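K.L.:
Fold the following and give me the result.
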Amino acid sequence: MPSKKIAILGAGNGGQTTAADLSLAGFEVNLYESPKFEKNIRLIIERGRIKITGVARRGYATLNKATTNIREAMKGVDVVMIIVPAYAHEIFFKEFIPYLEDGQIVSIQSGNHGALQLSNMLKNMKVNKDVIISETPTLIYVCRVTAPAEVRASGIKKEVPLAAIPAKNTEKSVKILNEFYPQFVPATNVLETSLSSANMVLHPPITLLNAGHIERSKGDFLFYIHGASPSVARVCEIIDAERLAVGKALGIDLISVKDAMYKKYDAHGSNLYERIRDCKPYWDHSSASAPSSLQTRYLNEDVPYGLVPLASLGDLLGVPTPSVKKIIDFASLVNQTDYWREGLTIEKLGLKGLTAEQIKSLVN
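P.N.:
Numbers count the residues shown, from 1 in each chain. Below is the predicted model of the structure:
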């Protein structure tokens, strides 16, 4: 029988899917949602279970606990998985920090610089707990909530990198978390995991360059398959090249999104456009349809918490990111939001004035 007890913080698409799949695997799972987002978990609390379909474990998953009480969720668990959009990271961090217990493993999925952000918060709050903080660049599943207390997993990634901060704890983190997901493999450090997200490369350009289609159809099309035309996919590849250049300046050999699609989904093709079309989960209407409006996490999360820190790091390191900056400006204009102000800059990450070597030393 599985030995680890888990608290999953966040009852959105990823949190519900993870809770259901791991519960059916035999783990004791507590699912927590912040009272600020209580509607996400209301029916799950009433029923005590989640229905899951698709390519993961299927059936009705009975949870150990579904709650909006963070103390109840955190008490006595071995692993804490934070599965919320990046804009909610700080909310959840502030809620669970007082209830951290010595020996717990904290895994942020997806990271979006969350491990560095949480580490800084613990330091500034003078919280001295014997915990390990880790993150991944993405969630294991391609998934979507299809109805209250019901989820569908349309894809499961073959490999997902994971890193701890400091990096000396990565091997231990991977070993423990492999009990849940053998797909986790060690990454160099949390700079690699945060800069490895394909979301910031794909979501903002495809969304913005399909703005008319999204607003006209209310998202009634396959986001990647229909939205990533050859020219749109080329823009994504240009954004990706700038991401790879920032990684290189930090001594990180990042993998391109095109190559990552082969590693994660076994998608083939000579360019990004062809690999997107060969990616099976992207043909699933239940989990890969377009957003219904431009007020979507594809902009509200992936721009301020993906592209803004990427451009900010580029400026610090002297790496040009002109295309990334154009996308940030375009998204800010379309949604009448200053994503530069809202986003994670080097100042907010505590990296201002540091050299590349000093940043590497900090995370390693």
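
K.L.:
Surely Thr296 touches Ile206?
P.N.:
No - at 11.0 Å, Thr296 does not count as touching Ile206 under the criterion of C-beta atoms under 8 Å. (C-beta placed from N, C-alpha, C; glycine too.)

K.L.:
Of these two, give the one with the bigger neighbour count.
P.N.:
Neighbours per residue, other C-beta atoms under 10 Å: of Thr296 and Ile206, the larger number sits with Ile206, 23 against 19.

K.L.:
any idea how far Ala153 is from the more buried one?
P.N.:
Distance, Ile206 to Ala153, using C-beta to C-beta, to the nearest Å: 22 Å.

K.L.:
Same question for Tyr224.
P.N.:
Remark: distance between Tyr224 and Ala153 (C-beta to C-beta) = 17 Å.

K.L.:
Between the two, which is the more surrounded one?
P.N.:
Set side by side, Tyr224 and Ala153 show more neighbours around Ala153, with 27 against 20, by other C-beta under 10 Å.

K.L.:
The host helix or strand of that one - contacts with which helices or strands?
P.N.:
Per DSSP states H and E, Ala153 falls inside strand 150-156. In terms of contacts (3 or more C-beta pairs under 8 Å, 6 or more residues apart in numbering; DSSP states H and E), strand 150-156 is packed against helix 13-24, strand 49-54, strand 141-147, helix 285-288.

K.L.:
now that strand, how far from the chain's geometric center?
P.N.:
Offset of strand 150-156 from its chain centre (C-alpha atoms, centre = their mean, to the nearest Å): 16 Å.

K.L.:
what lines up beside that strand in the sheet?
P.N.:
Paired strands of strand 150-156, with direction, are strand 49-54 (parallel), strand 141-147 (antiparallel) (DSSP bridges).

K.L.:
Quick one: closest of the ones you listed to Trp340.
P.N.:
strand 141-147 (30.0 Å; C-beta to C-beta).

K.L.:
Check which element follows the helix or strand harbouring Phe92 along the chain.
P.N.:
Counting by DSSP H and E, the element that carries Phe92 is helix 89-96. Sequence-wise, the next helix or strand downstream of helix 89-96 (DSSP H and E) is strand 105-109.

K.L.:
Name the next helix or strand downstream of that next one, please.
P.N.:
The helix or strand immediately downstream of strand 105-109 is helix 114-124, counting by DSSP H and E.

K.L.:
Extract the C-alpha trace of that following helix and format it as PDB.
P.N.:
C-alpha atoms of helix 114-124 as PDB (Å, rounded to 0.1, in the frame of the first residue of the first chain):
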ATOM      1  CA  GLY A 114       7.100  29.800  -7.100                       C
ATOM      2  CA  ALA A 115       9.900  27.900  -5.300                       C
ATOM      3  CA  LEU A 116      12.100  31.000  -5.200                       C
ATOM      4  CA  GLN A 117       9.200  33.200  -4.200                       C
ATOM      5  CA  LEU A 118       8.200  30.800  -1.300                       C
ATOM      6  CA  SER A 119      11.800  30.400  -0.200                       C
ATOM      7  CA  ASN A 120      12.100  34.200   0.000                       C
ATOM      8  CA  MET A 121       8.900  34.500   1.900                       C
ATOM      9  CA  LEU A 122      10.000  31.900   4.500                       C
ATOM     10  CA  LYS A 123      13.300  33.800   4.900                       C
ATOM     11  CA  ASN A 124      11.700  37.200   5.300                       C
END
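
K.L.:
Good, we can wrap up now.
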